[in-house]
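Undergrad: one predicted model, sequence on top.
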Amino acid sequence: MTENALAAVAAKSSLVLSRPPRTILVACTRRIGDVLLATPLVRSLKARWPEAQIDMLVFRGTEGVLENNPDLRRVIVISQRAPLRERLADIARIWRRYDLACAAVSSDRPRFYSWFAGRQRVGLVDDDRVTRLKRFLLDGIALNYHTAAHTVASSLEVARVLGIEPIAEVVPPGIGEDPARRAAFEARFSDVAGQPLAVLHPAPMFAYKRWRVEGWADLVRWLRARGFAVAMSGGPAAAEREYAQQVAAEAGGTLLNFVGQFSLGESAELFRRAKIFVGPDTGATHMAAATGTPTVALFGPSDPVRWGPWPKAWPAGSNPWPLVGSGRRGNVYLVQGEAACVPCMQEGCERHVESASQCLVTLSTERVIGAMTQMLALSMPGAFAEGEAGGTTAIVDTSALGPLGGQH
């Protein structure tokens, strides 16, 4: 960034409001994981101004991750590729209706929607992409250090610019308190009543984030041998359903296959019931971590500094994960593939979303089971002995700040 740009940002590094905002819009037009990881900003705003009515503007298909969010009045859903007439209608219904608008992710669309909606605006801007247009759109600029900060930490920079205390609590969705809905949900588990539940999420949206079918089947058999009922979660896409069917066929036996059957709120309730969750770099893994369930996250080419699951109750102002290494932070154990190129931050070895990532494909079942054993020993004391998995490292509490335990 040039000296002039730095000076311009410094001049806009805070936004002092003349009065508490009565209405706030948070714009987060990106994927499910981005929307979920913007909920700490919403929580921070609500804690500072509890009387304010907060709305969130998101792309259609991501709104489910905000189901029953207690901090929001409503969710405004827009189409990602809408015709011009529809976009103009979207602008008309939010035009200057909010005292404050916040762009929670660093991209042009949320900044423009914030400008349309808010009488005052604040938002994220990449530290190396500050321009005159962005300085015009925003009254307060929060720098997004996208190469060195976690996504949660980035969004909370907006709170800092507003001079409010950041609350780093990711708020997962839920099904609410409707008795009929809760009863229908609980009925799905009647056949496994009394058994501890483990949840596996084998299929991310993109193939380059996948592990391998045989590995998932090994986990199913390992869990069954220890008395667990095993459930699979996943989205409704045909590729996810097909992949889950492959895992079920390879594992054999009884398996609760909920892939494509639950809303995001119901999926979060499923994760809350579980003694352990295992998943790849996907929105579901972020949700599981946010519920407080012991979570094992399988990472290959993705950047854990930026996208590692945020552990429940992790403090603001501290990144949970280093760039390289496996280990535990709070209720999350991140298992990273082993290769000199990890993490390459590319979309698979062939550089497209449907290509495989060898660092994940070659990730051993033993390493994943070792991480699971450590997490289960924490959630089910006495039920899992140190070293049970064979080669499992000693169980050490590394939830405090400092170097990761069990690095590889």
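TA: Cool, the structure landed. Numbering: from 1, shown residues only.
Undergrad: do you have the helices of the stretch 201-350 of the chain handy? List them.
TA: For the stretch 201-350 of the chain, the helices defined by DSSP state H, counting those that start in this stretch cover 213-225, 238-251, 264-273, 283-291, 304-307.
Undergrad: tell me how far residue 19 lies from residue 123.
TA: Distance, residue 19 to residue 123, by CB to CB, to the nearest Å: 20 Å. (C-beta placed from N, C-alpha, C; glycine too.)
Undergrad: higher neighbour count, these two?
TA: Neighbour count, other CB atoms under 10 Å: between residue 19 and residue 123, residue 123 has more, with 30 against 6.
Undergrad: for that one, give me its contacts.
TA: 27, 102-104, 106, 110-111, 114, 137-138, 140-142, 158 (CB atoms under 8 Å, 6 or more residues apart in numbering).
Undergrad: looking at those residues, which are in strands?
TA: Among the contacts of residue 123, the ones falling in strands (DSSP state E) are 27, 102, 103, 140, 141, 142.
Undergrad: list the contacts of residue 257.
TA: 231, 232, 244, 245, 248.
Undergrad: kindly list the longest strand within the chain.
TA: Longest strand of the chain, by residue count under DSSP E: strand 118-126.
Undergrad: mind listing the strands for the stretch 1-150 of the chain?
TA: 23-27, 53-59, 74-78, 98-103, 118-126, 140-144 (DSSP state E, counting those that start in this stretch).
Undergrad: can you redo the contacts of residue 257 as a markdown table with pLDDT, distance to residue 77 and neighbour count?
TA: Formatted as a markdown table, these follow (pLDDT from 0 to 100; distance: CB to CB, whole Å; neighbours: other CB atoms under 10 Å):
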| residue | pLDDT | distance to residue 77 | neighbour count |
| --- | --- | --- | --- |
| 231 | 98 | 29 | 24 |
| 232 | 98 | 28 | 25 |
| 244 | 95 | 27 | 25 |
| 245 | 96 | 31 | 14 |
| 248 | 97 | 33 | 22 |
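Undergrad: got TSV for these, with distance to residue 15 too?
TA: Below are these laid out as TSV (distance: CB to CB, whole Å):
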residue	distance to residue 15
231	45
232	45
244	46
245	51
248	52
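Undergrad: now the helices for the stretch 1-150 of the chain?
TA: Using DSSP H, counting those that start in this stretch, helices in the stretch 1-150 of the chain cover 3-11, 32-37, 39-48, 84-94, 108-117, 132-137.
Undergrad: check the offset of the longest one from the chain's centre.
TA: Put plainly, it is helix 84-94. Centre-to-centre, helix 84-94 and its host chain are 29 Å apart (CA atoms, centre = their mean, to the nearest Å).
Undergrad: tell me the buried residues in it?
TA: Within helix 84-94, the residues that qualify as buried are 90, 94, counting by 16 or more other CB atoms under 10 Å.
Undergrad: can I get it in CSV? Just the C-alpha atoms.
TA: Output of helix 84-94 as CSV, limited to C-alpha atoms (Å, rounded to 0.1, in the frame of the first residue of the first chain):
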residue,chain,number,x,y,z
LEU,A,84,-31.0,-5.9,-13.6
ARG,A,85,-34.6,-5.3,-12.8
GLU,A,86,-34.4,-7.6,-9.8
ARG,A,87,-31.2,-5.9,-8.6
LEU,A,88,-32.8,-2.5,-8.8
ALA,A,89,-35.8,-3.8,-6.8
ASP,A,90,-33.3,-5.1,-4.2
ILE,A,91,-31.7,-1.7,-4.0
ALA,A,92,-35.1,0.1,-3.7
ARG,A,93,-36.2,-2.0,-0.7
ILE,A,94,-33.1,-1.2,1.3
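Undergrad: begin at 5 from now on, thanks
TA: OK, 5 is where the count begins now, so the last one is helix 88-98.
Undergrad: and it, what does it pack onto?
TA: Here helix 88-98 touches strand 78-82, helix 112-121, going by 3 or more CB pairs under 8 Å, 6 or more residues apart in numbering; DSSP states H and E.
Undergrad: now the last one: average pLDDT?
TA: Here helix 112-121 scores 97 as its mean pLDDT.
Undergrad: correct me, but residue 220 touches residue 252?
TA: No. If you go by CB atoms under 8 Å, residue 220 and residue 252 don't touch, sitting 9.3 Å apart.
Undergrad: which one of the ones in strands among the contacts of residue 127 is nearest to residue 339?
TA: residue 146 (32.1 Å; CB to CB).
Undergrad: tell me the most buried of the helices and strands packed on helix 88-98?
TA: With neighbours defined as mean count of other CB atoms under 10 Å, the helices and strands packed on helix 88-98 peak in mean count at helix 112-121, which reaches a mean of 21.
Undergrad: which elements pack onto that helix?
TA: strand 27-31, strand 57-63, helix 88-98, strand 102-107, strand 122-130, helix 136-141.
Undergrad: CA atoms of the first one as PDB?
TA: In other words, strand 27-31. Extracted C-alpha coordinates of strand 27-31, given in PDB (Å, rounded to 0.1, in the frame of the first residue of the first chain):
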ATOM      1  CA  THR A  27     -31.300  -0.200  12.600                       C
ATOM      2  CA  ILE A  28     -28.200  -2.000  11.300                       C
ATOM      3  CA  LEU A  29     -27.600  -4.000   8.100                       C
ATOM      4  CA  VAL A  30     -24.800  -6.500   7.800                       C
ATOM      5  CA  ALA A  31     -24.000  -7.400   4.200                       C
END
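Undergrad: and the angle from that strand to strand 57-63?
TA: 20 degrees (axes from the mean of the first three to the mean of the last three CA atoms, to 10 degrees).
Undergrad: so what are the sheet partners of strand 27-31 and their directions?
TA: Applying DSSP bridges, strand 27-31 is found paired with strand 57-63 (parallel), strand 102-107 (parallel).
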